[in-house]
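Asker: need the 3D shape of this:
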Amino acid sequence: MSGFRTLDDIGDVSGKVVLVRVDLNLPMQEGHVTDTTRVKASAPTILELADAGAKVLLLAHFGRPKGARHSTMSLSLVQGAVEHVLGREVMFIPEVSGPVAAQAIGILRPGDIGMLENTRFWPGEEKNDPEFAKAIAANADIYVNDAFSAAHRAHATTEGLARILPAYAGRSMQAELEALEKALGNPRKPVAAVVGGAKVSTKLAVLKHLVGKVGHLIIGGGMANTFLAARGVAVGKSLCEHELTGTAEEIMETADKAGCTVHLPYDVAVAREFAANPASLRICNVHEVGADEMILDVGPQAVEALGDVLKTCRTLVWNGPLGAFEIEPFDAATVALARTAAALSREGSLVSVAGGGDTVAALNHAGVAADFTYVSTAGGAFLEWMEGRELPGVVALVK
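Answerer: Presented below is the predicted three-dimensional model:
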């Protein structure tokens with residue numbers, strides 16, 4: 001996806017009111033924000049605009065209030081965390097439009113930052129109501145979208161505003177789109193994709209799209225068991241969607257026609273119970289899984305072979321772990337392959353792009369997230385992009 005406007009195209013913003021759509025849907029425990037990664041992602045955009053003399057107004061949703069006000073979902077709850085990351089005072093404005101917002105904007109000086117209330121307190125947000133978008137736009141001059149994670153939804157503040165005001169991608173959005181373009185838009189070949197996770201059913205569209213796009217499709221996690229079962233392997237008590245073996249067959253046939261090699265594990269880590277370091281743990285060939293055993297990770301021989309595959313590739317897209325990585329030792333395959341990918345990325349032979357909640361957690365667990373070329377924190381938006389779908393919030397930014 002190229003041809004979108006960025007902050008480099010914005011011109012002089014001094015004294016102008018800039019609406020910046022950010023992701024402030026932060027995890028909370030007992031009234032405190034537990035992770036500020038999403039604020040850090042948008043900080044460069046916010047500070048660049050403020051330092052250029054703009055009046056910056058942050059727009060974001062928080063939770064699912066379904067179009068009504070809830071004190072437990074007010075964005076005022078994250079104000080302190082945002083101020084801490086930015087190192088600046090942020091004025092909280094309890095509306096998104098109308099006279100209260102206009103008055104607050106009047107008080108702000110050039111370079112100041114304000115934060116409007118949770119956009120989902122109004123039904124017009126999720127309905128993408130043009131009148132609601134117009135009311136917000138009435139107090140502003142420019143719109144910047146820096147929330148890729150919300151770009152797969154056509155809401156008033158992700159898509160509607162871009163139709164009314166001059167619209168630009170913020171730095172985080174720009175980095176995301178440039179990384180995705182390198183990964184699947186116009187990648188260096190050969191391309192490999194790692195797709196893991198528990199169920200085939202949640203990644204069907206991804207798998208169908210990828211087989212036409214990549215040279216190597218590496219399938220891990222619980223979903224690999226469904227593919228193994230489709231090949232006639234007895235998977236014992238493993239997590240497996242037996243009703244989807246026909247679909248798995250179709251995907252493998254499509255891959256075959258497209259010249260895409262599907263990699264399934266040939267040795268696996270199995271146990272009779274799902275627990276940390278179980279006594280019943282053993283490594284075996286996939287054809288030797290006992291009726292009372294569960295496949296919980298890809299085996300060491302297969303991982304070594306997969307590492308060799310990555311050494312022949314120039315681009316890697318990764319979504320989902322290879323095993324039950326939350327519990328040792330079933331994190332071994334994910335950690336080993338992630339470290340190989342990280343080493344290849346460090347030496348510059350591989351462009352590696354990863355995304356999705358579990359994936360980010362797995363790469364952090366392996367200690368290699370910083371070595372990947374790009375790690376997307378977007379969940380749903382990253383998956384929809386991997387499915388080859390157009391994201392409304394991104395399409396709205398194209399020149």
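Asker: which stretches of the stretch 201-350 of the chain have low pLDDT?
Answerer: Low-confidence segments of the stretch 201-350 of the chain (pLDDT under 70): none present.
Asker: ok, which stretches of it are helices?
Answerer: Using DSSP state H, counting those that start in this stretch, the helices found in the stretch 201-350 of the chain span residues 204-210, 221-230, 245-258, 300-311, 332-346.
Asker: which outside residues touch the shortest one?
Answerer: Right, the one you point to is helix 204-210. Applying CB atoms under 8 Å, 6 or more residues apart in numbering, the contact partners of helix 204-210 are 193, 195, 200, 217, 219, 244, 247, 251, 254, 260, 317, 319, 383, 386-389. Just so you know, the C-beta spots here come from the backbone N, C-alpha and C atoms, and that holds for glycine as well.
Asker: one more time with 10 Å, if that's ok
Answerer: 184, 191-193, 195, 197, 200, 203, 216-217, 219, 223, 227, 244, 247-248, 250-252, 254-255, 258, 260, 262, 317, 319-320, 356, 382-389 (CB atoms under 10 Å, 6 or more residues apart in numbering).
Asker: now the buried members of those.
Answerer: For the contacts of helix 204-210, a burial check counting by 16 or more other CB atoms under 10 Å picks out 184, 191-193, 195, 197, 200, 203, 216-217, 219, 223, 227, 244, 247-248, 251-252, 255, 260, 262, 317, 319-320, 356, 382-387.
Asker: let's see which of those end up in strands.
Answerer: 191, 192, 193, 195, 216, 217, 219, 262, 317, 319 (DSSP state E).
Asker: tell me what the fifth one is bridged to.
Answerer: According to DSSP bridges, the residues that bridge with residue 216 are residue 192, residue 261.
Asker: and the gap between it and residue 16?
Answerer: 48 Å (CB to CB, to the nearest Å).
Asker: do I have it right that residue 194 meets residue 363?
Answerer: No - the pair formed by residue 194 and residue 363 falls short of the contact definition of CB atoms under 10 Å, at 11.1 Å.
Asker: residue contacts, residue 267?
Answerer: 283-286, 288, 298-305.
Asker: columns distance to residue 160 and neighbour count on top of these, output as JSON lines?
Answerer: Shown next, in JSON lines, are the contacts of residue 267 (distance: CB to CB, whole Å; neighbours: other CB atoms under 10 Å):
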{"residue": "283", "distance to residue 160": "54", "neighbour count": "14"}
{"residue": "284", "distance to residue 160": "55", "neighbour count": "15"}
{"residue": "285", "distance to residue 160": "56", "neighbour count": "13"}
{"residue": "286", "distance to residue 160": "51", "neighbour count": "22"}
{"residue": "288", "distance to residue 160": "57", "neighbour count": "13"}
{"residue": "298", "distance to residue 160": "45", "neighbour count": "33"}
{"residue": "299", "distance to residue 160": "50", "neighbour count": "23"}
{"residue": "300", "distance to residue 160": "52", "neighbour count": "15"}
{"residue": "301", "distance to residue 160": "53", "neighbour count": "14"}
{"residue": "302", "distance to residue 160": "48", "neighbour count": "23"}
{"residue": "303", "distance to residue 160": "47", "neighbour count": "23"}
{"residue": "304", "distance to residue 160": "51", "neighbour count": "13"}
{"residue": "305", "distance to residue 160": "49", "neighbour count": "15"}
